[in-house]
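Trainee: sequence and predicted model, in that order:
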Amino acid sequence: MSVYQMNGPFRKLITWETNRINLLYSKTKRILHMKRFFATAALLMSLMASANAQTVPTSTAAPTAAASPEMMQLDSLTKLSQRFVNEQKVDSLYALMGTAFKGQISLNQMKEVASQVSGQLGKWVVAEPQGIKDGVAKYKATFALATLDFYISRDAEGKISTFMMKPEE
């Protein structure tokens, strides 16, 4: 006897159990997608950190009253990065990266993570400078759905050598 031939409470019970299993499956699937996103983001962040020739500051340096020429250059790169992330112009963003960075992170990896960041966090709304230490500027990056710490630095050619986002400290 098949399920479709059953009547009464047994059919209702089997239908209810089937619906419950489908719901659990969809929740599990969403959790796995989130784990994959965070694993990819963590991989990219660790690769970005290893591509960085300098150390990322562990404490926030106080912003200076008069912005240094280095900070103004990094502000400009940050604004361009924000624009390219929001417009999903990952090719243009990748063109700003230095040789060491490109040696660690491929364009396809960058596209995948940028897509996931935009999909999970929404539009990058504001980048507030928090200071600079050892040539690495720290920003408070406010997205539509979350706030992250964003680190950026330049290499000798003026290209981006550090490009890293991590949970706000």
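Mentor: Ah, there it is.
Trainee: tell me which element the spatially most central residue of the chain is part of?
Mentor: With distances taken as C-alpha atoms, centre = their mean, the residue of the chain nearest its centroid is Val117 (4.1 Å). Counting by DSSP states H and E, the element that carries Val117 is helix 107-121.
Trainee: ok, now Met71?
Mentor: Per DSSP H and E: helix 69-86 holds Met71.
Trainee: between helix 107-121 and that helix, find me the angle.
Mentor: On the basis of axes from the mean of the first three to the mean of the last three C-alpha atoms, to 10 degrees, helix 69-86 is oriented at 80 degrees to helix 107-121.
Trainee: next structured bit after helix 69-86?
Mentor: helix 90-95.
Trainee: that following helix packs against which elements?
Mentor: helix 69-86, helix 107-121 (3 or more C-beta pairs under 8 Å, 6 or more residues apart in numbering; DSSP states H and E). C-betas here are computed from N, CA, C, even on glycine.
Trainee: any idea how far the shortest one is from the chain center?
Mentor: Using C-alpha atoms, centre = their mean, to the nearest Å, the mean C-alpha position of helix 107-121 is found 7 Å from that of the whole chain.
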